[in-house]
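>>> With the input below, show me the fold.
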Amino acid sequence: MAAITKKLLAQLAEIDTPTICNTMDVLKIEYASKGFITQPFVCIDPEAPPIVGFAKTATCRSLEPSSMSPAEATNLREAYWDYIAAKPQPGICVMQDLDGERAGFGAMWGEVNSNIHQALGCLGLVTNGSIRDIDMWADNFQAIAGLVGPSHGHVHYVGFGGDVHVLGMWVKDGDLIHADGHGAVVIPKDIAHQIPATAAMQARREKVILDACFDKKFSMAKLKKAYKDAAKVK
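Residues are numbered from 1 along each chain as shown. Modelled structure (predicted):
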């Protein structure tokens, strides 16, 4: 499998997340029903450009206090920071709140954590938990979250580096993540290099159909013909 280069990351970041999803299911039809967010979410900046990076996975809780000692909690937090800062980069933190139906009771993420993670090399966050301090959030640090809330509750880290399930999307450490205001998707690395060219082909096909729709002499016959012509575009 070819390496995921900075050039490829930049190319993928020029494509919106819905188009990424469309392209993936053209390349492998099974991706039409897996690998992307399927639950409601809030986005801190829906107008921001897409972010593309490698998943840094973690888990947290906030409903009840941690059973760890202060020293254990400090050791875990510092080990987690080392993990976030390590290669591959850039990272996107994907954090699962383990409190089930009460996920988001307390916010792990606000002004401080968004700035810490940005300084450690992350481009953004995907979580089923809550975020706060949205008016003091780190500049250009994207966030997709389950909800916005005011308190941190008893928030604490539980672990990092394992598989997580966030907003209907399963993610493994190091997965390639694409996200924007529409949500997030895991891009399989074995097809990542085919996505830019396939997305360009899709755009050419869609243009044939859209041109028919915008035609001042639009007709059903033109629409039917456009669909047939679009399928032939390479």
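>>> list the helices and strands the lengthiest strand in the chain packs on?
As assigned by DSSP state E, the longest strand anywhere in the chain is strand 51-61. Strand 51-61 sits against helix 6-12, helix 70-85, strand 91-97, strand 122-127, strand 156-160, strand 164-166, strand 176-180, with contacts defined as 3 or more C-beta pairs under 8 Å, 6 or more residues apart in numbering; DSSP states H and E. Where C-beta positions appear, they are placed from N, C-alpha and C, glycine not excepted.
>>> E30: which of the ones you listed is closest?
Comparing the helices and strands packed on strand 51-61 by their distance to E30 (C-beta to C-beta), the top pick is strand 176-180, with 17.0 Å.
>>> then the closest one to CSV, C-alphas only?
Output of strand 176-180 as CSV, limited to C-alpha atoms (Å, rounded to 0.1, in the frame of the first residue of the first chain):
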residue,chain,number,x,y,z
LEU,A,176,-7.3,8.3,8.0
ILE,A,177,-10.1,10.7,9.0
HIS,A,178,-11.8,13.3,6.8
ALA,A,179,-14.2,15.8,8.3
ASP,A,180,-16.1,19.0,7.7
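>>> how near is the closest residue to D190 other than its chain neighbours to E30?
Leaving aside its sequence neighbours, D190 sits nearest to M1 (C-beta to C-beta, 6 or more residues apart in numbering; 5.5 Å). Using C-beta to C-beta, to the nearest Å, we find M1 at a distance of 18 Å from E30.
>>> How is the chain divided into domains?
Domains of the chain are assigned by automatic domain parsing as 35-190, 195-232.
>>> Kindly compare burial across those and name the winner.
Each of the domains of the chain was scored by mean neighbour count; the highest is domain 35-190, a mean of 19, by mean count of other C-beta atoms under 10 Å.
>>> How far away from the center of its chain is it?
Between the centre of domain 35-190 and the centre of its chain there are 10 Å (C-alpha atoms, centre = their mean, to the nearest Å).
>>> Can you give me the end-to-end span of it?
Between the opening and closing residues of domain 35-190 there is a gap of 14 Å (C-alpha to C-alpha, to the nearest Å).
>>> Kindly report the same for stretch 175-185.
10 Å.
>>> Let's verify P196: helix, strand, or coil?
P196 falls in the helix class when you classify it by DSSP: H, G, I helix; E, B strand; the rest coil.
>>> Now for the closest residue to it other than its chain neighbours, how many residues are close by?
Nearest residue to P196 in three dimensions, chain neighbours excluded: Q11, at 4.5 Å (C-beta to C-beta, 6+ apart). By other C-beta atoms under 10 Å, the residues close to Q11 number 17.
>>> Okay then, goodbye and thanks.
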